[in-house]
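Give the three-dimensional model of this entry:
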Amino acid sequence: MTFTSNDPIWWPMIDFQLISSYWMVAAGVGMAYDWALTIGQEIELIWRQRWSLMTVLYLIRYIGIPFSVYVSRPKIGVVLIAHT
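Numbers count the residues shown, from 1 in each chain. Have a look, this model is predicted:
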């Protein structure tokens, strides 16, 4: 069952979660923007070259993206109502 509270003791935690979620979105947008700017170079310098250890090591970095999304997903169970 979901617990809902409007107790002022939760407000700092709610504010922290809100600011934290803004930073996560900003980091994701920054990463997507960087990827969009450099995808042409990546295709030319990584994907069209002969495979080597460095190519594999470079591509392993993509494992971290789904992992970070999984770790930072919202935890469902407690719903807090912020001060309105």
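
how about the helix or strand that contains Ser20: buried residues?
For Ser20, the element it lies in under DSSP states H and E is helix 11-42. By 16 or more other Cβ atoms under 10 Å, helix 11-42 has no buried positions at all. Glycine gets a C-beta too; all of them are placed from N, C-alpha and C.

Check which element follows it along the chain.
Downstream of helix 11-42 (by DSSP H and E), the next one is helix 53-60.

Distance of Met31 relative to Arg48?
23 Å (Cβ to Cβ, to the nearest Å).

To clarify, my last question referred to Val71.
33 Å.

measure Leu53 to Ile43 for me?
From Leu53 over to Ile43 the distance is 20 Å, taken as Cβ to Cβ.

Look at the two and report which has more neighbours.
A count of neighbours by other Cβ atoms under 10 Å puts Ile43 above the other of Leu53 and Ile43, at 10 against 7.

For that one, give me the pLDDT.
Ile43 carries a pLDDT value of 90.

who's sitting farthest from the centroid in this protein?
Arg50 (31.2 Å; Cα atoms, centre = their mean).

got the contact list for Leu59?
Applying Cβ atoms under 8 Å, 6 or more residues apart in numbering, we find Leu59 in contact with Ile46.

Please repeat the previous calculation with a cut-off of 10 Å.
Leu59 sits next to 42, 46-47, 51 when contact means Cβ atoms under 10 Å, 6 or more residues apart in numbering.
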